Each structure stands twice: as structure tokens, then as C-alpha cells.
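Q: sequence and computational prediction follow.
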Amino acid sequence: MEYAVNITRSMHIAAMQSATPGQTEAAVAGIVEGIAVGGGGRLSYPCIGTVNGHILHNHYHGHTLQKGQLFLLDAGASAPSMYAGDITRTFPVSKTFNTQQREIYQLVLQAEEAGIAALRPGIPYRDIHLQAATLIAQGLKDLGLMRGDVEEAVAQGAHALFFPHGLGHMIGLDVHDMEDLDENWVGYDASITRSDQFGLRSLRLGKALEPGFVLTVEPGIYFIPDLIDQWKADRLHTSFINYDALEAYRHFSGIRIEDNVLITQNGHTVLGDLIPKSVAAVEAIRDGGIYPQ
């Protein structure tokens with residue numbers, strides 16, 4: 001799996017180095033897939049490479065990149081052994097993030113790094129998911145996009161307007177390992193059952209972690225105009241969401257950051273070599289910096 005992740009690493013760095021305004025999403029996706037094949041395997045799942053990162057599982061590659069946009073790349077290589085990598089990075093089409101993008105990016109990165117740091121045997125992954133949701137809600141409150149009691153907002157699911165999916169899933173020979181058997185059999189057990197709440201119900205892995213588990217950690221923040229309009233019209237969670245402030249983010253799209261992690265006897269190990277994700281590292285690559293392959 002580390003071999004798969006390191007091929008995936010090369011894919012993401014190449015995308016950051018090569019993406020330019022005027023290029024199509026398809027051109028970036030083609031570069032990424034070529035590196036996967038060149039590594040002796042193939043893509044471990046259809047590439048998500050899009051300037052519309054707020055559309056989850058978006059495999060359309062027909063848009064042209066423009067300055068000021070964000071490019072979300074969720075792509076992984078499979079090793080010759082068929083084990084999978086699954087990594088997401090988001091970077092600016094311009095050389096740098098603008099202020100609004102940087103603030104949201106830093107918040108997603110904080111949630112991802114805190115989630116990884118908390119991984120250890122015995123802790124339910126649902127708890128890590130809720131930790132990330134609370135951190136995101138607090139950050140959005142600090143930016144004036146949410147309000148009220150943060151823990152109550154998460155308990156009622158208000159944060160899911162911005163973070164509507166689960167924090168991660170099992171990964172192995174299948175990028176969503178064994179989930180064809182039924183996600184509830186794989187990700188839950190008698191002690192932790194699946195929620196029916198919007199957002200939390202999309203968490204594929206909720207049960208307590210065990211040594212040997214390999215999973216993804218992939219928080220995100222998205223501004224989905226249709227969903228915002230629907231919730232606003234239905235007056236959902238008005239105590240927690242500042243709908244007026246969201247107008248300035250209507251065309252933001254979305255940001256997700258993802259790594260693959262092994263649960264060990266005493267903690268965890270992030271698989272593969274470091275894939276750049278700090279603001280400084282991403283902007284250095286976008287400005288023509290050379291990052292070791």
C-alpha cells in the first residue's frame with residue numbers, strides 16, 4: 001500500500017506542477033492516469049479532478065481552468081499487487097490562495113491533522129469524525145458563517161451543510177475495502193450502529209479502530225449553492241447558520257484534504273512519503289518550485 005501511495009504522491013505533485021489556466025480538467029486527469037499506469041498499476045478508482053469541488057464524486061472533466069479557481073484532485077494509484085492508494089489534495093489554479101480560500105483551506109487542514117493525530121486502537125472512528133465536525137463548526141463560527149453553541153450545532157447536524165460526508169473509510173485491495181459486502185457489516189458493529197442524520201449517516205466507518213486497520217482521513221468544507229438555497233428556504237438551522245454571510249462564498253466550490261493511515265498497536269502511521277499539503281508547500285509548487293518526486 002505504501003508503494004501505491006507513493007505512486008499516488010507523484011500523481012498529485014505532477015498535477016500541482018502542471019495545471020495552468022486555460023488547460024482543461026481532462027488534461028490534468030490524463031497526466032495523473034499516465035503516472036498511475038507508468039507505476040505498474042492503474043487508477044484505483046475513476047479520477048475526480050475538478051474546479052467544482054463542491055460536487056462530490058464529480059468525474060466530469062470538461063471545464064477549463066481559470067485563475068481564481070480551486071482545483072480538487074481526488075485520485076489514487078493501485079500497486080501491481082492491486083492494493084490501493086486514495087489521496088485528495090486541493091490547490092489554487094492561480095499561484096497562491098486568495099484570503100478566503102486560505103482561511104477555509106487552513107481549517108480543513110487543521111481538521112485533517114487533528115483527526116490523524118487522534119487515531120489509535122480502541123477509539124471509535126465516529127468519535128474522530130465528530131471531533132472533525134466540531135473543529136470545522138468552530139472555525140466556521142470564527143469566520144462568521146456559523147453561530148451559536150458549536151457542540152449543539154454538531155449534535156443537530158447543522159455543520160453538515162458544509163461537511164456532508166463521512167471523515168473516511170476502510171481501504172485495502174478495494175479503495176472502499178469490502179464495502180460491497182454492505183457498509184454496515186464493514187464499518188459498524190453491535191456497539192456502534194449507523195446514524196440516520198444527514199451527514200453523519202454518510203460516515204462509512206464508525207466502529208472502534210483496531211491494529212491493522214488502514215483507513216482514509218478526508219475532511220472537507222463545501223459551499224453547495226443548491227443545498228444552501230434549499231436549507232435557507234426551509235429555514236433549517238437558522239440558529240446556527242448565518243445564511244446572509246454565505247452569499248460571499250456562493251462561488252467558492254470546495255476543499256478536501258485526504259491521507260491514508262495504518263492503525264498500529266500503539267497509535268498510527270501515515271502511509272507513504274509526505275505529500276505536500278501545507279499552504280506554503282502548495283504555493284511553492286504552484287509558483288514553479290521543484291518538489292522531490
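A: Alright, I've got the coordinates. Residues are numbered from 1 along each chain as shown.

Q: ok, which stretches of the stretch 51-200 of the chain are helices?
A: Under the criterion DSSP state H, counting those that start in this stretch, helices of the stretch 51-200 of the chain are mapped to 99-117, 125-142, 150-156, 183-187.

Q: what helices or strands is the second one leaning on?
A: Right, helix 125-142. Helices and strands touching helix 125-142, by 3 or more CB pairs under 8 Å, 6 or more residues apart in numbering; DSSP states H and E, are helix 99-117, helix 150-156. Backbone N, C-alpha and C define where each C-beta goes, glycine included.

Q: tell me which other helices or strands the shortest one touches.
A: Put plainly, it is helix 150-156. Using 3+ CB pairs under 8 Å, 6+ apart, helix 150-156 is in contact with helix 125-142.

Q: quick one: mean pLDDT over the helix it packs on.
A: Mean pLDDT, computed over helix 125-142, is 98.

Q: dump the residue contacts of the closest residue to Met178 other than its chain neighbours.
A: Using CB to CB, 6 or more residues apart in numbering and skipping residues adjacent in sequence, the residue nearest Met178 is Val186, 4.8 Å away. Shown in contact with Val186 (CB atoms under 8 Å, 6 or more residues apart in numbering): 170, 177-179, 204-205.

Q: state the distance from Val186 to Asp180.
A: Separation of Val186 from Asp180 (CB to CB, to the nearest Å): 9 Å.

Q: how about the helices and strands packed on helix 125-142, which one is nearest Tyr243?
A: helix 150-156 (14.1 Å; CB to CB).

Q: who touches that closest one?
A: With CB under 8 Å, 6+ apart, helix 150-156 has contacts from 130, 133-134, 137-138, 141, 146, 159, 237, 240.

Q: average pLDDT for that helix?
A: Rounded mean pLDDT across helix 150-156 is 98.

Q: what does stretch 230-249 give?
A: Averaged across stretch 230-249, the pLDDT comes to 98.

Q: do you know how far Gly41 is from Ala84?
A: Gly41 is 9 Å from Ala84, by CB to CB.

Q: find the residues that touch each one of the two.
A: The contact lists of Gly41 and Ala84 share 4, 77-78, where a contact means CB under 8 Å, 6+ apart.

Q: which ChimeraX command selects the buried ones in these?
A: Selecting only the buried entries of the shared contacts of Gly41 and Ala84 in ChimeraX, with 16 or more other CB atoms under 10 Å as the criterion:
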select :4,77,78
